[in-house]
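Asker: just the structure for this:
(2 chains)
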Amino acid sequence: KAGVTQTPRYLIKTRGQQVTLSCSPISGHRSVSWYQQTPGQGLQFLFEYFSETQRNKGNFPGRFSGRQFSNSRSEMNVSTLELGDSALYLCASSPVLGTHGYTFGSGTRLTVV
Amino acid sequence: GQQVMQIPQYQHVQEGEDFTTYCNSSTTLSNIQWYKQRPGGHPVFLIQLVKSGEVKKQKRLTFQFGEAKKNSSLHITATQTTDVGTYFCAGALNDYKLSFGAGTTVTVRA
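Answerer: Numbers count the residues shown, from 1 in each chain, chains lettered A, B, ... in the order given. The predicted structure is shown next:
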């Protein structure tokens, strides 16, 4: 069966712009989590969605937001991009809400210039 | 700050040797998970430990959860070049939030 699909794979944006990343979870998975991965900070939790509701949120500024649709697909938006937002953004899905082991997508590599 | 600490940060191993990476939390964990990320890849779920003192094996990999559910270890025997990558532990601080360790990056000398 298809894995977690993230689009686009690579993105280059300019400071001040906004960006939207997309994640399609494994079929039947209703939980979608987003992580930011950088060499200096490792894997940092952004938020988790389940049944179209944000269930958990990490310590990121309000510029980072997300949503989940009725088909469990999720989008993440970052507004007013900063250079420090350059990172690999990973989406992970799970059948249920909670910490039961996640399947990660290949990620979106965002570069802010 | 990071609530789950992982050591060592880097592990350089001779092919055929064993090594262990450790994960420690300041708080009791409801479970701990281990992931492997190959260079240029994404994290791949390896295993989840839930019970105090639990030990699980996957071929040459042995995972252990401490009695107090505050620490865990991953031991790899007879390291192979296919073991190259970064191994992350992720501690469940409650039922809904994971805290990832910084990872142990493993390189193998043939």
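Asker: only C-alpha atoms for contact and neighbour calcs from this point on.
Answerer: Will do.
Asker: can you tell me if the worst-scoring helix or strand of chain B on mean pLDDT touches chain A.
Answerer: Ranked by mean pLDDT, DSSP states H and E, the weakest helix or strand in chain B is strand B:98-100, scoring a mean of 89. Yes. Contact between strand B:98-100 and chain A, assessed by CA under 8 Å from any CA of the partner chain, occurs at B:98-100.
Asker: contacts only, for the residue nearest to the spatial centre of chain B.
Answerer: Closest to where the C-alpha atoms of chain B average out (CA atoms, centre = their mean) is residue B:89, at 4.3 Å. When contacts are counted by CA atoms under 8 Å, 6 or more residues apart in numbering or on different chains, residue B:89 touches B:6, B:23, B:32-35, B:100-101, B:103.
Asker: still on that earlier bit, just the buried subset of the residues of strand B:98-100 next to chain A, written out for PyMOL, thanks.
Answerer: Buried members of the residues of strand B:98-100 next to chain A, identified by 16 or more other CA atoms under 10 Å in any protein chain shown, are gathered into one PyMOL selection as follows:
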select buried, chain B and resi 98+99+100
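Asker: which among the residues of strand B:98-100 next to chain A gets closest to residue A:57?
Answerer: Closest to residue A:57 out of those is residue B:98 (11.0 Å), distances taken as CA to CA.
Asker: verify the contact between that closest one and residue A:99 for me.
Answerer: Yes. Counting by CA atoms under 8 Å, residue B:98 sits close enough to residue A:99 to count as a contact (6.6 Å).
Asker: for the residue of chain B found nearest chain A, give its distance to residue A:57.
Answerer: Nearest residue of chain B to chain A (CA to the nearest CA) works out as residue B:96 at 4.3 Å. Residue B:96 sits 10 Å away from residue A:57, going by CA to CA, to the nearest Å.
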